[in-house]
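Asker: turn this into a model:
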Amino acid sequence: MIETVHSYALTDEKSIEKIIQSEYVNINHVVLGKGEALPIHEANSHANLIVIRGAVTLALDDQEPHAYPAGSIVSAPYGTRMNVSNQGEAVLEFFIVKAPGPEYFTK
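Answerer: Prediction:
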């Protein structure tokens, strides 16, 4: 078997999972309930948020917050200050794909 199979939680409860962590790519899975948020942070790589359920509200650097619904892929460059939250009524679920992995930027 050549492939590696990764799984993630199927849940409505708050969850932040590190699925793949490598020099080339990091993939994280996040589930946030109404009003929940990630800590405000700077993107440690080029971050691509793939929204699969609900709507993610993002305030990037000094921009006003914007909501992006399921089916959206939002890209933020390395070093961007990110405020990520669920301001909607539905459960928010998304993947974060960081490429290259953050290790690339610490070399």
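
Asker: of all residues in this protein, which one is nearest the centre?
Answerer: With the centre of the chain defined as its mean C-alpha position, the nearest residue by C-alpha atoms, centre = their mean is I96, 3.3 Å away.

Asker: skipping adjacent residues, who's closest to that one in space?
Answerer: N28 (4.4 Å; C-beta to C-beta, 6 or more residues apart in numbering). For every residue, glycine as well, the C-beta is placed using N, CA and C.

Asker: quick revisit: just to be sure, the residue nearest to the centre of the chain is in a strand?
Answerer: Yes. Under DSSP: H, G, I helix; E, B strand; the rest coil, I96 falls within a strand.

Asker: ok so, going back, contacting residues for the residue nearest to I96?
Answerer: I16, E17, K18, I19, F95, I96, K98 (C-beta atoms under 8 Å, 6 or more residues apart in numbering).

Asker: weed out the non-buried ones from the residues you listed.
Answerer: Listed as buried from the contacts of N28 are F95, I96, K98; burial here means 16 or more other C-beta atoms under 10 Å.

Asker: could you give the bridge partners of the residue nearest to D61 when sequence neighbours are not counted?
Answerer: Residue nearest to D61 in three dimensions, not counting chain neighbours: R81, with 5.1 Å by C-beta to C-beta, 6+ apart. R81 has the following beta-bridge partners by DSSP bridges: E42.
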